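>>> Mind looking at a prediction? Sequence and model below.
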Amino acid sequence: MRFVLTDEQREFARSLDALLRAADTPGVLRAWAAGDHGPGRALWRRLGDAGVFALAVPEAYGGVGPLPVEAAVACVELGRYAVPGPVAETLAAGVLLAGAGGPAAKEWLPGIASGAAMVSLRLPGHGPYALDADATDAVFTVDGDGLRRAPGPGELSVSADPARRLFRPGPGGEPVAGGRAVEAASRAAGDWASFATAALALGCGEELLRATVAYVKQRRQFGVPVGSFQAVKHRLADTLLGLEFARPLLYGAAVELTEELSGGRAGAGSPGAGAGIGSGTGPAEGTPGSGLGTGRGAGSVGAGSRTGPGMGALGAGAAVAAAKAAAGEAGYAAARTALQLHGAIGYTEELDLAWWLRRARPLRDAWGTPSACRARVLAG
């Protein structure tokens, strides 16, 4: 199956690219790592104005979602620019609070959707840490069927990426919600956090590959660019293949999440049917307004359709796990390639690319290590 973004989704990606290109994200990253969150929060608000965080918040609370496909598009762009802050966690918190309902949803979701609020979270089965808890307006934790707001950021732990600060929230805190709704919402939020992190990892890998290709065209050895050496070409080609194989898994997971949100209903084939996932009408085009296109189709099928060689046999959770394993490992492989082909300059703090190099491995392991994700795929 070939997934193709619609014109609207591609334009959304281009608008985020333009916003982030003008934002000096290396400078924002350096400030964030040093504890100055002002530039990062200002960028966060601009991303909120662009609608990024509204993609995980229902319309009833001021959002436009949940829209997994558009969230993947946004997170790939944010990954390409290594935007600091708990991006995946805030998106997942939108899903968590919407599912739990109650006063906390009404209090926090409008702010999350607009970018005015930045939140982090800790969920069972995903480690003891809350990312960037010192920079957020709230940290939510789930224990069993209880959702609480942590009393503070907790203890700081060392991270491989100084711009990804890990905290251990302490026990206790203000009870927010409880019951089976919290358990179900926690599972859904975990899938969204893993899904968004997979997209961030894919974007990070893409930028590492782009920068490395540009560098080997400039660096010369024996009178020729090192990029002309066959061994270098093979290494770059292998890196590209890993990233390109991860991409359809990411969008396949978006399809499965969309079907899960729509209750598995088969669409009627009209533009925007279901949650906006459609099949393309040609080799490289989707139906305008129908969401994600699949280029093999001849007509339009809704999000609930199981026709074609999709990922429907896996289910949403396993599809997300497959995407996370592939994207995480592809992004980390891109970092290893970038470091080797840049040589000693790749180790220097002055090189902006060092921030992407440090980010790739934490993204690979956050919200599901490759081994844990593969086990989930095998379990179905």
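Received, thanks. Residues are numbered from 1 along each chain as shown.
>>> Can you spell out which helices and strands pack onto the longest helix belonging to the chain?
Taking DSSP state H as the criterion, the chain has its longest helix at helix 180-218. Counting contacts by 3 or more CB pairs under 8 Å, 6 or more residues apart in numbering; DSSP states H and E, helix 180-218 packs against helix 68-80, helix 87-100, strand 146-149, strand 224-225, helix 230-261, helix 316-342, helix 353-365. Just so you know, the C-beta spots here come from the backbone N, C-alpha and C atoms, and that holds for glycine as well.
>>> Describe which strands the third one pairs with in its sheet and in which direction.
Think strand 146-149. strand 138-143 (antiparallel), strand 174-178 (antiparallel) (DSSP bridges).
>>> What residue, apart from its backbone neighbours, is nearest the residue positioned nearest the centre of the chain spatially?
For the chain, the residue nearest the mean C-alpha position is A196 (2.4 Å; CA atoms, centre = their mean). The shortest distance from A196 to any non-neighbouring residue, by CB to CB, 6 or more residues apart in numbering, is to A88 (3.7 Å).
>>> S114 too?
For S114, ignoring the flanking residues on the chain, the nearest one in space by CB to CB, 6+ apart is G48 at 5.0 Å.
>>> That neighbour: neighbour count?
Other residues lying near G48 total 20 when counted by other CB atoms under 10 Å.
>>> give me every residue that touches it.
Shown in contact with G48 (CB atoms under 8 Å, 6 or more residues apart in numbering): A54, A113, S114, G115, A116.
>>> The fourth one contacts A42, doesn't it?
Pointing back at G115 there. No - applying CB atoms under 8 Å, one finds G115 not in contact with A42, separated by 10.1 Å.
>>> neighbour-wise, which of those two wins?
Taking other CB under 10 Å, G115 and A42 do not tie; G115 has more neighbours (21 against 11).
>>> So for that one, what's the pLDDT?
We have a pLDDT of 96 for G115.
>>> With the one 3 residues further on instead?
At M118, the pLDDT value in this model is 97.
>>> gap between the closest residue to it other than its chain neighbours and A344?
Distances taken as CB to CB, 6+ apart place T136 nearest to M118, at 4.9 Å, with adjacent residues excluded. Going from T136 to A344 by CB to CB, to the nearest Å gives 37 Å.
>>> quick one: which of the two has more around it?
Neighbour tally, T136 and A344, criterion other CB under 10 Å: the higher count belongs to T136, 25 against 7.
>>> State the distance from that one to L209.
Taking CB to CB, one finds T136 at 31 Å from L209.
>>> Adding mean pLDDT, write the strands paired with strand 146-149 out as TSV.
Formatted as TSV, the strands paired with strand 146-149 follow (pLDDT from 0 to 100):
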stretch	mean pLDDT
strand 138-143	94
strand 174-178	90
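>>> so where do the helices sit in the stretch 1-150 of the chain?
7-21, 25-33, 38-49, 68-80, 87-100, 103-114 (DSSP state H, counting those that start in this stretch).
>>> Spit out the contact partners of A326.
When contacts are counted by CB under 8 Å, 6+ apart, A326 is found next to A198, G242, F245, A246, L249, L250.
>>> can we see that at 6 Å?
Taking CB atoms under 6 Å, 6 or more residues apart in numbering, we find A326 in contact with A246, L249.
>>> same question, R164
For R164, the contacting residues are P362, by CB under 6 Å, 6+ apart.
>>> I'd assumed it was in a helix, is it?
No - per DSSP: H, G, I helix; E, B strand; the rest coil, R164 lies outside any helix segment and is coil.
>>> Output the below-cut-off pLDDT ranges for the stretch 151-300 of the chain.
Within the stretch 151-300 of the chain, the ranges that satisfy pLDDT under 70 run 263-300.
>>> still on that earlier bit, can you lay out the helices of the stretch 1-150 of the chain as a markdown table showing distance to V320?
As requested, the helices of the stretch 1-150 of the chain are exported to a markdown table (distance: least, CB to CB, whole Å):
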| stretch | distance to V320 |
| --- | --- |
| helix 7-21 | 19 |
| helix 25-33 | 26 |
| helix 38-49 | 23 |
| helix 68-80 | 9 |
| helix 87-100 | 12 |
| helix 103-114 | 21 |
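>>> what's the closest of these to L357?
helix 25-33 (12.1 Å; CB to CB).
>>> Packing partners of that closest one?
Counting by 3 or more CB pairs under 6 Å, 6 or more residues apart in numbering; DSSP states H and E, the packing neighbours recorded for helix 25-33 are helix 38-49.
>>> what angle separates the helix it packs on from helix 68-80?
Counting by axes from the mean of the first three to the mean of the last three CA atoms, to 10 degrees, helix 38-49 lies at 160 degrees to helix 68-80.
>>> how far out from the middle of the chain is helix 38-49?
17 Å (CA atoms, centre = their mean, to the nearest Å).
>>> That one to helix 103-114, inter-axis angle?
Interaxial angle, helix 38-49 versus helix 103-114 (the same axes, to 10 degrees): 100 degrees.
>>> which parts of helix 38-49 are buried?
Residues of helix 38-49 classed as buried: P39, G40, R41, L43, W44, L47, G48 (neighbour count, 16 or more other CB atoms under 10 Å).
>>> Quick one, grab the pLDDT at the last one.
Turning to G48, the model gives it a pLDDT of 97.
>>> still on that earlier bit, will you turn the helices and strands packed on helix 180-218 into TSV that also has distance to R10?
Below are those laid out as TSV (distance: least, CB to CB, whole Å):
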stretch	distance to R10
helix 68-80	8
helix 87-100	21
strand 146-149	37
strand 224-225	32
helix 230-261	13
helix 316-342	20
helix 353-365	23
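>>> Of all those, which one is nearest W32?
Closest approach to W32 among the helices and strands packed on helix 180-218 is made by helix 353-365 (9.9 Å; CB to CB).
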